[in-house]
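1. Any chance you could fold what I've pasted below:
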Amino acid sequence: MYRMVTSDLDETLLRADGSVSLENVAAIKRATQAGIKFVPNTGRSFLSIQPLLQELGLWQQPQQFVISYNGGAVVENARNQVLLSHTMPYEVAATVFRALQAFDVAIHVYTLTHLTIYHPRPDDLAYLQTRGVQAERMQGDFEQFRAQPIMKVIAMNPDAEVRRAAATLALGERLGISAAEIMAIGDNANDLPMLTQVGCPVAVQNATSAVKQAARYVTTADFERGVAEAITRWGL
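-> Coordinates of the predicted model:
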């Protein structure tokens with residue numbers, strides 16, 4: 001019996017416009033009402049997905065959680081309490097930032113509660129708008145972040161590959177849930193570390209071939225109903 005389901009968001013649970021199907025919402029609510037933990041797993045801030053949590057019936061709920069910043073933070077939904085965090089050392093973050101400045105990319109600097117963008121791109125800003133993400137244009141140099149908790153520094157265009165498995169397993173351990181009791185659902189290469197370390201790795205139909213090969217089960221549906229299909233198949 002699986003006691004926790006963790007799911008990637010973009011193109012796994014969410015449509016291209018950031019919305020979620022009624023089938024997926026209903027299945028998630030049914031699972032959580034049965035005592036299953038449903039944990040959204042995202043690269044964005046936990047603050048940016050509060051409307052989604054409301055839609056899923058998880059908003060401000062105790063003992064329900066979000067993994068954000070690609071595993072940089074585990075947050076309990078009630079009062080947005082940060083339970084686990086893995087910040088970047090300032091010198092490492094500054095070195096990454098300086099290296100990325102050599103390329104034509106938008107550089108995202110995530111602190112625990114804010115997103116600041118250096119050299120924003122129109123396509124990047126349009127994407128963030130579909131996800132309800134609030135961002136500030138960077139003013140001044142990187143020194144402004146020295147005393148702040150830096151969660152990640154990434155470049156948009158090309159997309160960065162990031163790893164989220166460690167936070168999933170750490171949350172499970174905290175809740176007394178073993179890796180064998182976790183179902184993880186994904187679609188892309190950055191989901192592979194998470195998928196390869198849980199008891200039930202699931203790929204939605206629109207997933208890459210590598211993700212499908214790593215999956216125990218590939219849904220017949222894509223992001224429209226794939227999460228609901230996986231939850232229903234195992235009677236969660």
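2. So for the protein, the centremost residue is which one?
-> For the chain, the residue nearest the mean C-alpha position is residue 42 (1.0 Å; CA atoms, centre = their mean).
3. Where do the helices of the protein begin and end?
-> Assigned by DSSP state H, the chain shows helices spanning 22-33, 50-56, 90-100, 122-130, 165-174, 192-195, 209-214, 226-233.
4. what stretches of the protein score poorly on pLDDT?
-> Along the chain, the parts satisfying pLDDT under 70 run over 157-165.
5. Would you map out the domains in it?
-> Taking automatic domain parsing as the reference, the chain has its domains at 4-85+162-233, 90-156.
6. which one of those is the most hemmed in?
-> The highest average neighbour count among the domains of the chain, using mean count of other CB atoms under 10 Å, belongs to domain 4-85+162-233 at a mean of 19. Quick note: C-beta positions are derived from backbone N, CA and C, even for glycine.
7. how long is that one end to end?
-> Start and end residues of domain 4-85+162-233 are separated by 15 Å (CA to CA, to the nearest Å).
8. swap in stretch 184-193?
-> Taking CA to CA, stretch 184-193 runs 10 Å from one end to the other.
9. Repeat that for stretch 52-72.
-> The stretch stretch 52-72 measures 20 Å between its terminal residues, going by CA to CA.
10. quick revisit: let's have the helices of the chain in a markdown table, adding distance to residue 66.
-> Below are the helices of the chain laid out as a markdown table (distance: least, CB to CB, whole Å):
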| stretch | distance to residue 66 |
| --- | --- |
| helix 22-33 | 13 |
| helix 50-56 | 7 |
| helix 90-100 | 22 |
| helix 122-130 | 18 |
| helix 165-174 | 10 |
| helix 192-195 | 14 |
| helix 209-214 | 22 |
| helix 226-233 | 15 |
